[in-house]
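Enquirer: Sequence first, predicted coordinates after that:
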Amino acid sequence: TYEQDLIDARRFIEEHDDFLVVAHVQPDGDAVSSTLAVGWLLSRLGKTFTLINEGPIPQRMTYMAGAADILDMSRTERTRTYGNVICVDCADFKRVGLVSEWMEPEANMLNVDHHPTNDGYGTCTLIKADAAATAEILYDLLASFELGWDREIAEMLYTGILTDTGGFRYSSTSPKVMQIASHLLELGVNGPDLADSLLEQLTKPQFDVLTIALGTLEMSGDGRVAWVHVTPEHMLQTGASNEDLEGIVNYPRNIQGVEVGVLFKVITDNAVKASMRSAGKVDVAAIAAEFGGGGHVRAAGCRMEGSLQEVTRKVIERIQQSL
Ligand code: 5GP
Ligand code: MN
Ligand code: MN
């Protein structure tokens, strides 16, 4: 049960020390906040630890306490490996990316996650597939330590929940999520400011790449699938970075009558990342999993080999089979 898993995860943390804490590549708000929340916990417990990610933390998330302490692996020379690892918000082990090089082959590993496609990797698992965010699970885990709360940890947890629920709008926004959010607001989190900076504001490159992407819209004959794409040229032209693409996929999905919206991001001549969003009828996590990716019923992704044309055809045909 979840209660037993919380006890086991707590014991895992109490019985080990000298941790490596990592979230998925190209971290989103939940990934960054979960990494920092585990760091907050470990420092309260007097444990030593290293926070790391395969790449940099998005600029717009650097307001959180300790964000500057997350090592950017791509700019850090490795001098050692770790035998105790905590993975957060990673549906499968591959999602940690090249950070796996920092781990010992037989490392003890705690896997904290909320993706239904989580494959249960690790030596201790704390997985709740109906949690709105990994941050929601960490709220429960932190509560079990009875260390008390402060505004900094509240801001981290609120950030993860806010971003993974699309601003408390997705179906994962349970009464419990609202109760947690209420508690976090009482601890001094500035909800409106975070909503503005994380969900509303666009960088100019983000605005420019959105404009271009919207112009690439294509739709299936029946109007139930809509997709856009972004190429490396678009990225160069606008100065956009990967994090600037977040949210674009919602636009095709938001067209009335559309069941599934997709963003195809060309990575190389022979690799494309597909991001899928479902209005609810189609389980896009299942489709993404068939192509080697994963995610949630209504939000999932995968990275595929092939040209933009090939990948587009494969994914759209597969989605249409599900309709
Ligand atoms: P996005 O489309 O925003 O990149 O991701 C949507 C959801 O799908 C997220 O929950 C993310 O964790 C998951 N996801 C995206 N890409 C991959 C992937 O390549 N592998 C797996 N396992 N999950 C993915
Ligand atoms: Mn995530
Ligand atoms: Mn998440």
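Expert: Great, that's in hand. Bear in mind the structure is a predicted one, so any value in this text is a computation, not a measurement. Ligands and ions are numbered 1, 2, ... in the order given.

Enquirer: got the residues of the stretch 151-300 of the chain near ligand 1?
Expert: Ser275, Gly293, Gly294, Gly295, His296, Ala299, Ala300 (CB under 6 Å from any ligand atom). All C-beta atoms are positioned from the backbone trio N, CA, C, and that covers glycine.

Enquirer: can you do 5 Å?
Expert: Residues of the stretch 151-300 of the chain lying close to ligand 1 (CB under 5 Å from any ligand atom) are Ser275, Gly293, Gly294, Gly295, Ala299, Ala300.

Enquirer: Same list as before, these that is, but in CSV and with secondary structure and distance to Asp69 included.
Expert: CSV is the format used below for those (DSSP: H, G, I helix; E, B strand; the rest coil; distance: CB to CB, whole Å):
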residue, secondary structure, distance to Asp69
Ser275, strand, 29
Gly293, coil, 30
Gly294, strand, 29
Gly295, strand, 28
Ala299, strand, 29
Ala300, strand, 31
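
Enquirer: quick one: is the helix or strand of the chain with the lowest mean pLDDT near ligand 3?
Expert: Using mean pLDDT, DSSP states H and E, the weakest-scoring helix or strand in the chain turns out to be strand 294-295, at a mean of 93. No. Remark: strand 294-295 sits outside contact range of ligand 3, by CB under 5 Å from the ion, the gap being at least 9.4 Å.

Enquirer: Can that strand be said to contact ligand 2?
Expert: No. Legend: contact between strand 294-295 and ligand 2 by CB under 5 Å from the ion is lacking; minimum distance shown is 8.9 Å.

Enquirer: Strands of the stretch 1-150 of the chain, start to end?
Expert: Along the stretch 1-150 of the chain, counting by DSSP state E, counting those that start in this stretch, strands occupy 19-23, 49-53, 71-72, 82-88, 103-113, 124-127.

Enquirer: now, which of the residues of the stretch 151-300 of the chain next to ligand 1 sits nearest Gly83?
Expert: Gly294 (27.0 Å; CB to CB).

Enquirer: count of residues packed around the closest one?
Expert: Other residues near Gly294 come to 23 when the count uses other CB atoms under 10 Å.

Enquirer: now do Phe264
Expert: Phe264 - counted by other CB under 10 Å - has 25 other residues nearby.
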